[in-house]
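> sharing a model prediction with you, sequence too.
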Amino acid sequence: MYIAQTILVVLIAVIALVWLLRKFIFPNKYNSSNCGDGDCGCH
């Protein structure tokens, strides 16, 4: 049971780290402050 808990904790930590790195390396293309003038490219 100890091995399963360790694997689960490591897996969750890796998923969280990948999610955070993805947010910094590949930022969102859409700028929320640019929407509203009709030419934001969101549609």
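Sure thing, it's come through.
> show me where this protein has strands.
Assigned strands in the chain: none (criterion: DSSP state E).
> where does the prediction get shaky in it?
28-43 (pLDDT under 70).
> one more pass at 80, please.
26-43 (pLDDT under 80).
> that one: helices as residue ranges?
Using DSSP state H, the helices of the chain run over 2-25.
> for residue 26, phi and psi?
The phi/psi pair for residue 26 (degrees, to the nearest 10) reads phi -120, psi 80.
> tell me, how many residues neighbour it?
Around residue 26 there are 8 other residues, counting by other CB atoms under 10 Å. The C-beta positions use only the backbone N, C-alpha and C, and glycine is treated the same way.
> try residue 8
When neighbours are counted by other CB under 10 Å, residue 8 comes out with 10.
> what's the answer for residue 16, then?
There are 10 residues near residue 16, going by other CB under 10 Å.
> residue 6 too?
10.
> now residue 9
Applying other CB under 10 Å, I find that residue 9 has 10 neighbouring residues.
> quick one: it from residue 15, how far?
Distance of residue 9 to residue 15, computed by CB to CB, to the nearest Å: 11 Å.
> what sits against residue 14?
Shown in contact with residue 14 (CB atoms under 8 Å, 6 or more residues apart in numbering): no residues.
> do you know how far it is from residue 5?
Counting by CB to CB, the gap from residue 14 to residue 5 is 15 Å.
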